[in-house]
Every structure is written in structure tokens, then in C-alpha cells.
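1. sequence below, structure please.
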Amino acid sequence: MNTHLEIERRFLVKNLPAGWRHRPHVRIDQGYFPVTSKDIEIRLRRKQTSSCLTVKGGHGRTRLEEEVKLAREQFNSLWPLTRAARVSKTRYLIPNRANTIEMDVYRGAHKGLVTAEIEFRSRHESAAFVPPGWFGREITGEERFANRTLARSNLSRGRHGKTKTAWH
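-> A predicted model of the protein is given here:
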């Protein structure tokens, strides 16, 4: 198990950074279990070679996070329980001084949404962070952009079956 205090900030991406397609990346599929509290999130995550169950408590810049690695069989048996709340994205890892920016390019119903998040070792480091110019507005703590909210959203479909989005 991996338990820690997660200190992060999230931003919309207004301009894709140069060379982003050539950065290391991984496809991520996430499913969320129904919960009765807004302060608790229980998530299944599958990357290309691993999967885990994550429980997060709290909201905003600082949250408690507990992660448990799962065998493929365990993941596959739990995945159907998240059918009503899923999100898919490709995560690109972009170096930024001593940290790494995780830029998520969403697929499926959320196509067109691109976010960037960065984790910090301390609250002081988080407060001192100056976002690069390609970042848009900060969305840390905005429930509308939480992956659990996106996974549960019923986006309206426009003509020709395309999803209408207004991410910025």
C-alpha cells in the first residue's frame, strides 16, 4: 500500500507545449464507485501495465490518499461495478524544474479537455509554484473538473452525435 498526503494543483491547458507528443505517456482508464460523501472518492485505475484501487479523502490542494495495487483478475472483477462512472485519458509527463507536470488529454465523452496537474512535497512549495505560460486558469478544487465528476457527467450531444463541450 502507498499512503500519503497528496498536495497538488490543477490547471486547464490553454496551449499545448512544444514537443508534447514526444513525451513519455500512458493511457489511463478510471472508474468510480458510488459513494455517499463528497469528501470520499473510491477509484479503480488501469494503466497499460498496472492497476490499483485508490481511496481519497478531502478536497482541494491537500487530500489524504491510500493506494492498493491490484492483480489483473481483481481489477477485472471490480471494473463492471464502475460502469456508470468512467473516464479515459492519455497522460503525458512533462519535466518542469524539480517536478513533473502530468498533462491529461481526455478521450471519449470528454474529448477536447486538456488539464495539467503538478504534485508538491509541501504546501509551501505548492504556494510558491509559478505556472508556465502554456497553462490556463487554475481549477484546483473545482468540482466540475474533478475526474469523479467528469466520469459521472451526462454530457449533452449536439447534432451529428458529437459532444458539446465548453471547457474554458
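2. helix or strand: which one has Ala127?
-> Secondary structure assignment for Ala127, by DSSP states H and E: helix 123-128.
3. distance of the residue nearest the centre of the chain from Glu119?
-> Centroid check for the chain by Cα atoms, centre = their mean gives Asn147 as the closest residue, at 5.3 Å. Distance of Asn147 to Glu119, computed by Cβ to Cβ, to the nearest Å: 15 Å. In this view, the C-beta of every residue, glycine as well, is placed from N, C-alpha and C.
4. report the residue spans of the protein with pLDDT below the cut-off.
-> For the chain, residues meeting the criterion pLDDT under 70 lie at 1-3, 154-168.
5. doesn't Ala151 fall inside a helix?
-> Yes - under DSSP: H, G, I helix; E, B strand; the rest coil, Ala151 falls within a helix.
6. give me the number of residues near the closest residue to Glu143 other than its chain neighbours?
-> Spatial nearest neighbour of Glu143, chain neighbours left out: Thr149 (5.5 Å); criterion: Cβ to Cβ, 6 or more residues apart in numbering. By other Cβ atoms under 10 Å, 15 other residues sit near Thr149.
7. returning to what we had before: look at the residue nearest to the residue nearest to the centre of the chain when sequence neighbours are not counted and tell me its secondary structure.
-> Excluding the flanking residues, the one nearest Asn147 by Cβ to Cβ, 6+ apart is Val87, at 5.4 Å. What three-state DSSP gives for Val87 is strand.
8. ok, now how distant is Val87 from Pro131?
-> For Val87, the distance to Pro131 (Cβ to Cβ) stands at 23 Å.
9. between these two, who's got more neighbours?
-> Using other Cβ under 10 Å, the more surrounded residue of Val87 and Pro131 is Val87, with 24 against 15.
10. does that one really touch Thr149, like I thought?
-> No - the criterion here is Cβ atoms under 8 Å, and Val87 misses it with Thr149 at 9.5 Å.
11. that's a helix at Met103, yeah?
-> No - secondary structure assignment places Met103 outside any helix; it is strand (three-state DSSP).
12. pull the contacting residues for it.
-> Val13, Pro17, Trp20, Arg91, Tyr92, Leu93, Ile94, Val114, Thr115, Ala116 (Cβ atoms under 8 Å, 6 or more residues apart in numbering).
13. which one of the residues you listed is nearest Gly57?
-> Closest approach between those and Gly57, by Cβ to Cβ: Thr115, at 21.4 Å.
14. what separates the closest one from Ser122, distance-wise?
-> Relative to Ser122, and taking Cβ to Cβ, Thr115 is found at 22 Å.
15. tell me which of those two has more neighbours.
-> Under the neighbour definition other Cβ under 10 Å, Thr115 and Ser122 were set side by side, and Thr115 has more, 23 against 10.
16. thanks again, I'm all set now.
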